[in-house]
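S.K.: got a predicted structure here, sequence first:
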Amino acid sequence: MEILNFISGEYVASGNQKTFAKLSPFDNSELAQVSDSDAMDVIRCLQSSKKALTAFETSTVEQRVDILNKLAQYFEANSAEIAYQEALHQGLPQKFVLKYGVQASISVLRETARNLLMPLPEGRSVKATGLVGIITSWCLSLRLVTERLAPALAARNAVIIKVSEQSPITAKILGDAFKAIELPVGLVQVLNGGAEVAQIIAGHPGIRAITAAGKSSTMEAIAKAALPQMKKLQLSGGAKNAAIVLTDFDFKNRMSEILTPFLLGQGQMCWNTTRLFVLDSFAKEFNEELSNFLKTLKPLTSPEGDSIWTPLISKDRADILNLKIQFGVSEHGKFLAQTEGEISGNFVKPTFMVDLPNCSVMQQDELFAPLFLITSVKYQHESVKWTNTSYLGHSAIIWAPEEKFMKVADKLDVGLVTSNSWMTDVMSPVFGVKQSSFGITEMSWAGSFYSDVKKLTMVP
């Protein structure tokens with residue numbers, strides 16, 4: 001397969017003719033040769049986007065609603081194939097990508113179309129921000145793009161998208177969709193490539209706003225490129241998500257549910273949990289159940305499977321894991337459990353570590369690897385205290401009876417708390433607190449990120 005850039009309504013190779021190989025997370029076979037963009041490709045996008053923006057600024061509400069609904073219809077009609085392709089390239093189960101990636105994207109498009117038909121508040125006028133850059137990470141990439149693309153188009157912006165080099169298939173999915181619905185030429189451009197292209201997009205003066213999702217170091221680099229020009233920024237960064245298991249919860253029969261947010265994605269996704277707090281009163285029994293569960297776990301060897309043990313997105317992530325494990329040992333961490341048996345490819349044994357000090361670097365920093373930290377606490381309030389010590393605050397899960405949920409949830413410094421389930425909020429983007437997000441985080445098409453908002457005051 002060849003995956004090209006999508007510029008001016010057509011698939012084109014990068015100007016430098018360079019490519020890179022996208023390998024399967026499942027077996028490291030080559031999935032595609034991908035165009036590797038550079039600065040000249042960004043310039044080509046800008047030239048085309050400016051022409052499209054001039055025409056699109058006069059579009060009617062009905063025309064924009066039609067675009068959003070047609071895009072939703074295309075995704076829905078091709079949902080199974082889209083989910084399979086993203087799952088194959090991202091090393092995830094197809095069912096998971098279908099529900100939390102494709103169907104969530106469809107919901108966002110339709111909800112935005114409905115909101116576009118609602119009248120604006122009195123005394124308020126909006127116009128397009130202009131040219132918006134979207135930069136996303138690889139996990140559930142279509143969803144991350146669509147959550148940002150929908151309000152951008154609703155507000156009459158032109159868009160340049162840089163997809164992750166780990167999920168270039170998203171560029172093809174988007175390009176095929178735009179051609180199928182006959183999107184105005186140049187209105188949305190899609191580039192492949194690495195961090196250098198993201199930096200050029202973030203720093204180019206012709207792009208007025210940057211919305212991005214990825215790990216903290218990537219968001220920091222984007223901010224450094226964009227802030228000197230005082231651009232609008234909307235950054236969703238790192239995560240150090242916690243799971244808290246309280247008393248009177250049936251963890252024996254629900255161990256699979258508790259571990260799914262750890263294992264599915266292998267700690268590489270912003271939605272993954274990497275810390276687990278349990279009470280001393282049942283910690284020994286819990287850890288034994290966890291160890292027994294891991295002994296029966298088999299890896300997900302294809303997108304059609306159901307296992308929650310997924311591969312790493314690329315082979316070099318295994319080296320990162322080994323370094324983090326060594327660092328964890330140096331901080332006095334001890335191994336609790338690993339899966340058993342020989343493994344190959346990008347599959348590494350998920351590792352659970354205990355007895356790390358709560359203020360250690362490992363307890364604070366992003367891991368982006370299948371290294372999970374279990375901490376036993378004497379009292380319920382300690383789990384809140386240690387969860388909140390991290391400088392990141394994306395999300396948390398509480399496994400507990402309903403009456404105990406709110407007591408803990410209200411005190412957690414995170415953007416999303418779920419009760420006895422993972423990723424239940426499939427409609428809305430999640431922006432964390434503290435260093436998990438930065439900038440203008442409102443996602444309304446008529447808000448101050450995707451639109452320039454003007455207050456109107458009339459004196460009789």
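M.R.: Yes, it's here. Keep in mind that this is a model prediction, so the values were computed, not measured.
S.K.: how's this structure carved up into domains?
M.R.: Residue ranges for the domains of the chain, per automatic domain parsing: 2-237+436-455, 241-426.
S.K.: mean neighbour count, those: which tops it?
M.R.: Of all these, domain 2-237+436-455 carries the top mean neighbour count, a mean of 20, counting by mean count of other C-beta atoms under 10 Å. The C-beta positions use only the backbone N, C-alpha and C, and glycine is treated the same way.
S.K.: returning to that earlier point: would you list the domains of the chain in JSON lines and tack on mean pLDDT?
M.R.: Compiled in JSON lines, the domains of the chain are given as follows (pLDDT from 0 to 100):
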{"stretch": "domain 2-237+436-455", "mean pLDDT": "97"}
{"stretch": "domain 241-426", "mean pLDDT": "90"}
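S.K.: does Ala318 lie in a helix or a strand, and which?
M.R.: helix 316-330 (DSSP states H and E).
S.K.: quick check, Val126 in a strand?
M.R.: Yes. Under DSSP: H, G, I helix; E, B strand; the rest coil, Val126 falls within a strand.
S.K.: surely it meets Leu120?
M.R.: Yes. Between Val126 and Leu120 there is a contact at 6.7 Å, judged by C-beta atoms under 8 Å.
S.K.: need the residues touching each of the two.
M.R.: Contact criterion C-beta atoms under 8 Å, 6 or more residues apart in numbering; residues shared by Val126 and Leu120: Ala446.
S.K.: for the helix holding Ala318, the distance to its chain's centre please.
M.R.: 23 Å (C-alpha atoms, centre = their mean, to the nearest Å).
S.K.: show me what it is packed against.
M.R.: strand 351-354, helix 361-364, strand 371-377 (3 or more C-beta pairs under 8 Å, 6 or more residues apart in numbering; DSSP states H and E).
S.K.: any chance of these in JSON lines with distance to Gln268 as columns?
M.R.: As requested, the helices and strands packed on helix 316-330 are exported to JSON lines (distance: least, C-beta to C-beta, whole Å):
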{"stretch": "strand 351-354", "distance to Gln268": "14"}
{"stretch": "helix 361-364", "distance to Gln268": "16"}
{"stretch": "strand 371-377", "distance to Gln268": "11"}
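S.K.: which of those sits closest to Tyr391?
M.R.: Closest of the helices and strands packed on helix 316-330 to Tyr391 is helix 361-364, at 6.4 Å (criterion: C-beta to C-beta).
S.K.: wait, a helix at Gly305?
M.R.: No. Membership of Gly305 in a helix is not supported by three-state DSSP, which gives coil.
S.K.: how close does it get to Lys295?
M.R.: 19 Å (C-beta to C-beta, to the nearest Å).
S.K.: again, but for Thr60
M.R.: Applying C-beta to C-beta, the value for Thr60 to Lys295 is 61 Å.
S.K.: other residues contacting stretch 78-89?
M.R.: When contacts are defined by C-beta under 8 Å, 6+ apart, stretch 78-89 is touched by residues 22, 24-26, 31, 75, 92-98, 101-103, 106, 138, 140-142, 166-170, 172-173, 303.
S.K.: how about a cut-off of 7 Å?
M.R.: Outside of stretch 78-89, the residues within contact range by C-beta atoms under 7 Å, 6 or more residues apart in numbering are 22, 24, 31, 75, 93-94, 97-98, 101-103, 141-142, 167, 169-170, 173, 303.
S.K.: quick check: Tyr11 is in a strand.
M.R.: Yes. Checked against three-state DSSP, Tyr11 lies within a strand.
S.K.: leaving out chain neighbours, which residue sits closest to it?
M.R.: Of all residues not flanking Tyr11 in the chain, Leu4 sits nearest, at 4.1 Å (C-beta to C-beta, 6 or more residues apart in numbering).
S.K.: now do Pro429
M.R.: Here the residue nearest Pro429, using C-beta to C-beta, 6+ apart, is Glu147, at 4.6 Å.
S.K.: element containing that neighbour, please.
M.R.: Assigned by DSSP H and E, Glu147 falls within helix 141-154.
S.K.: what angle do helix 141-154 and the host helix or strand of Ile160 make with each other?
M.R.: Using DSSP H and E, Ile160 sits in strand 158-162. Angle, strand 158-162 to helix 141-154, by axes from the mean of the first three to the mean of the last three C-alpha atoms, to 10 degrees: 160 degrees.
S.K.: contact partners for the residue lying closest to Leu53 once chain neighbours are set aside?
M.R.: Using C-beta to C-beta, 6+ apart and skipping residues adjacent in sequence, the residue nearest Leu53 is Ala158, 4.0 Å away. Ala158 sits next to Ser49, Ala52, Leu53, Phe56, Leu131, Leu187 when contact means C-beta under 7 Å, 6+ apart.
S.K.: ok, so of these, who is nearest Glu331?
M.R.: Of those, the one sitting nearest to Glu331 (C-beta to C-beta) turns out to be Leu131, at 45.7 Å.
S.K.: any idea how far Val132 is from the closest residue in space to Ala128 that isn't next to it in sequence?
M.R.: Ranked by C-beta to C-beta, 6+ apart and with sequence neighbours excluded, the top spatial neighbour of Ala128 is Arg156, at 4.0 Å. Using C-beta to C-beta, one gets 11 Å for the distance from Arg156 to Val132.
S.K.: what's the answer for Gln268, then?
M.R.: Relative to Val132, and taking C-beta to C-beta, Gln268 is found at 27 Å.
S.K.: over to Thr441?
M.R.: From Thr441 over to Val132 (counting by C-beta to C-beta), the distance is 15 Å.
S.K.: go on, Cys45?
M.R.: In terms of C-beta to C-beta, Cys45 sits 12 Å off from Val132.
S.K.: equivalent analysis for Pro460, please.
M.R.: Distance from Pro460 to Val132, by C-beta to C-beta: 38 Å.
S.K.: endpoint to endpoint, stretch 305-320 covers what distance?
M.R.: Length of stretch 305-320, first residue to last, C-alpha to C-alpha, to the nearest Å: 26 Å.
S.K.: nope, stretch 356-371 is what I meant
M.R.: From its first residue to its last, stretch 356-371 covers 12 Å (C-alpha to C-alpha).
S.K.: just stretch 222-231 next, same as before
M.R.: 11 Å.
S.K.: run through who's touching that stretch.
M.R.: By C-beta under 7 Å, 6+ apart, the surrounding residues in contact with stretch 222-231 are 135, 198-199, 202-203, 205, 208-210, 212, 233, 235, 438.
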